[in-house]
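In: Got a predicted structure plus its sequence, pasted below:
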Amino acid sequence: MWAVYWLAEGSADDEVQSRNFVGRESAFSFAQRLGGGQEMAWQCGPLRFSVSDHPWLDCFRDLRDLLRPARLAALEAREVNGGPGESYVEFPSGERPGAGIVLDLVSTSRVKAWGPHPRRKKCEELASEQGQFNLKRWRDMSMSLAETMERIQSARPTLGRLLAMMDLRRHLARTLFTAGIAAVMSTCDSVKTVLSGAVFTLINASEQEVKKDSHFLHFICSWTFGCGSRLSLAKSLILGLMLLAVLKGTVSVISQHVTKAFKDSYRVQSRTELFDHLLAQDLEEFEKQTARVMANKASPMVMDSMPLMVTSMVRTLTELLTSLIFLYSISPLMTFMYATAVPAFQVAAQAYLRKQAKGSLRRERGLEGVANRVVAEACEMIKVVKTFSREDGHTSLQKLSLEEAAGMKLTVTQGVAQVAADTLQQAIYCVSLWLGLVWVNVDSSAAEMTSFLLLVSKLGHQVNSFKSQVEDLFNTSDSLAEHFEFLDQQPKIFPGTYDGPVEGHVVFEDVSFAYPTRPEQKVLHGLSMELQPGKTTALVGASGSGKSTTVQLIFRYYDPFEGTIFIDGVPLKDWELTHLHRHMALVAQEPVLFNTSVRQNLLYGLPQCRIESDPKDFEDQMIAAAKAACAHEFISNFPGGYDTNVGDRGGQVSGGQKQRLSVARAILMQPRILVLDEATSALDAESEAIVQEALDRLVASSGSSVMVIAHRLSTVRQADEIICLREGHVVERGTSKELMELRGYYFTLVEKQAVTLDDIGGANAEIDRSLGWRAKAKAKVKAKSKAAAAAATEAAEAEDAEET
Ligand SMILES: Nc1ncnc2c1ncn2[C@@H]1O[C@H](COP(=O)(O)OP(=O)(O)OP(=O)(O)O)[C@@H](O)[C@H]1O
């Protein structure tokens, strides 16, 4: 089944008509009567092409539409009207020419089209609406000139920015030098080709012939061995070829050296700048992505390959130009024809392939990425994987992604287009041969013709490699855009400039907060509190009540969305953060250590210990801190002492040891503000008491402000103020004694932690005893067990009765 959709000449755009046909011939002859007869052919000078309709021809039709005014002007000038043999009928602007399409209804594709593009599109749209034409598929397949231009336009800012970033003007000398070297190398190559073509002149070995056919050979032989005999000519030829080889080799070594130096200097500069930029990003960004993804942003492969890509393009372009100059010197007419034919063929064949391949390539890359992520995640979580013995789950997931990626095969059309692109090279060579020998009938010598054909073949390769370089550049435009997006990403948390002395007086004034990743879930509601130098403030509350969040706000990992935090009367936003953080220390709930020695981990927080400093200078300080944190003994028992490596994220030391190292690091810093977030949770009672004592001593001697978060309420009993948080609200505050007397939330927490109640000792125990809560609890437990025993006896008696 076939269908013809058409717009008659002069009709409005919405007057599309259609008719169905059973036979192909009848549909085509109907289309011919409507004006679509000659439309599949177009004429180029004396050549006339006639091809069946195909998506990539859209590009030529656009081109033809584009060139229509120029062609009309030319026809007018020559007073020639478009006859029936012309490729298209010309219409004065303002008129509505006829347009139409012929559709194959079985494959719902277009097999013929005529008329101007916008009018044709109307027919396509109606056919698509009526379900007779798969317009989307057709558009996906075709790459019109407009789309190509659009693509170039969309990639232009990215590529422009890339060039600006590479700052070729700053490296002008180097860029020109690269181009110069490329020019010398390609000249060597071209001369070599021309000399190879001159071999034919050896047959007759006449000086006149040599002079006429090969200027290069004549130049060499007249200066060296003479041009009179076959032997002398052969010697000259060999000498010329050898000299060229040596020259090209030398230049090539220099070129490699220059390119590598350029690449290396650019890489060092861009990588360090990127790392700086990455570390300046908000914590929020690191929480949104995995650590690996963030790390990859600071070392993008695409930017590393850029200098090489650009220098290769400069080189290929220079080679191309040199080849064209040599070709031109042999035959300007043939060169002109060749230079116009090659790009036209190349664009047509590749436009189609590119569009087809891009989608599947992206999907394939995505799936490969998933597979890599599965492996990385399994390695990071290896303990969990092994504990649950779920190795099979991870391997199956990886296999699935890899299989999916491997399953993405080239479609038949892609394959055909690929083969077409490869054979195109040969076809162009043959066309040149035909053009030169038959059509143009140039009076060339054998040497010239051979040189020309050899150069044409070389030029073909150069065009191909330039095209694939441009293609690569376009393909990287997505990654480049992503990279530029990262570069443009500015942290929301900008440090201030105030860097006065730090006393450590922290004030929270009506602070409310929600994490940017979950803005709808408020974590803190109007929190007000104060940390005073020399005093300890404790935050207690159930899990998820917002204790750790408060710590993050003190360190300004985030900004509160309501209220203000002051440090020594200056808003936290105004503080220079690096300066402030040098006076603050945090012993976190899950301390993480760097994969280096104990010594380096301890000295990490010491601002005066820089990368170029000798760690031995801080030895005494470090050992004193380790002793205070009860860490010296176990460190000394390690085989390497302070030089022992602690493993990835501190994986080779125990949780308690990590905490003590973390406490030692904090002690070493002598901070003005010390935050202990479950700092001793992984320690046994004995070590906890010792470390706690060390911390108390540190607080007493340094007079720093301390904030303690602890689940074990025994840890906070000495605090000057205890703040009870419940779902982000402050529900109670006061000393331990006051809160116990209040018999409110804190009291309930203590009650639930009956095991640690004894630790609270003193006042708390007295209050408890006077309240007799323990007796009540015991009575409750007794009553419960009594009831359970009675129920069990009853059930047993009932069973016995049933049996009898
Ligand atoms: N990075 C984050 N992004 C989004 N929500 C978070 C984030 N961190 C914590 N939360 C949420 O904020 C709330 C408070 O968490 P927070 O860690 O402050 O509690 P916590 O009192 O310290 O708990 P715990 O005692 O278990 O450490 C929780 O509901 C938690 O799910």
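Out: Alright, I've got the coordinates.
In: Tell me which helix or strand in the chain has the weakest average pLDDT.
Out: Lowest by mean pLDDT, DSSP states H and E among the helices and strands of the chain is helix 754-760, with a mean of 42.
In: Any regions of the stretch 401-550 of the chain where pLDDT drops low?
Out: 407-422, 424-426, 428-429, 432-446 (pLDDT under 70).
In: Would you map the strands across the stretch 601-750 of the chain?
Out: Ranges of strands within the stretch 601-750 of the chain are 673-677, 705-709, 721-726, 729-734, based on DSSP state E, counting those that start in this stretch.
In: again with the stretch 101-250 of the chain
Out: Going by DSSP E, counting those that start in this stretch, the stretch 101-250 of the chain shows strands at 109-114.
In: shaky segments in it?
Out: If you take pLDDT under 70 as the line, the stretch 101-250 of the chain has these spans: 140-149, 151-152, 155, 165-171, 200-207, 209-213.
In: can you give me the helices in it?
Out: Taking DSSP state H, counting those that start in this stretch as the criterion, the stretch 101-250 of the chain carries its helices at 117-129, 135-141, 145-166, 172-197, 201-204, 207-213, 215-223, 230-279.
In: export those helices to TSV and tack on mean neighbour count and distance to Ser329?
Out: Backbone N, C-alpha and C define where each C-beta goes, glycine included. Putting these into TSV (neighbours: other C-beta atoms under 10 Å; distance: least, C-beta to C-beta, whole Å) gives the following:
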stretch	mean neighbour count	distance to Ser329
helix 117-129	18	41
helix 135-141	15	42
helix 145-166	14	32
helix 172-197	18	9
helix 201-204	17	17
helix 207-213	17	13
helix 215-223	19	9
helix 230-279	15	17
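In: And those helices: which comes nearest the ligand?
Out: helix 230-279 (18.5 Å; C-beta to the nearest ligand atom).
In: give the contact list for Phe177.
Out: Residues in contact with Phe177 (C-beta atoms under 8 Å, 6 or more residues apart in numbering) are Val258.
In: ignore the last one, Lys547
Out: Counted by C-beta under 8 Å, 6+ apart, Lys547 has contacts Leu539, Val540, Gly541, Asp677, Ile709, Leu725.
In: Show the contacting residues for the fourth one.
Out: Right, Asp677. Asp677 neighbours (C-beta under 8 Å, 6+ apart): Lys547, Ser548, Val551, Leu586, Val587, Ala588, Gln589, Ile709.
In: how close does the residue of the stretch 301-450 of the chain found nearest the ligand sit to Gln659?
Out: Closest residue of the stretch 301-450 of the chain to the ligand, C-beta to the nearest ligand atom: Glu380 (18.1 Å). Per C-beta to C-beta, to the nearest Å, Glu380 is found 22 Å from Gln659.
In: more neighbours, those two?
Out: Gln659 (28 against 15; other C-beta atoms under 10 Å).
In: Against Ser681, how distant is the more buried one?
Out: Gln659 sits 8 Å away from Ser681, going by C-beta to C-beta.
In: Surely Gln17 is in contact with Ala3?
Out: No. Between Gln17 and Ala3 there is no contact under C-beta atoms under 8 Å: 11.0 Å.
In: neighbour count winner among these two?
Out: Using other C-beta under 10 Å, the more surrounded residue of Gln17 and Ala3 is Ala3, with 19 against 14.
In: quick one, whatever helix or strand that one lives in and strand 109-114 angle?
Out: According to DSSP states H and E, Ala3 maps onto strand 2-7. Per axes from the mean of the first three to the mean of the last three C-alpha atoms, to 10 degrees, the angle that strand 2-7 makes with strand 109-114 is 40 degrees.
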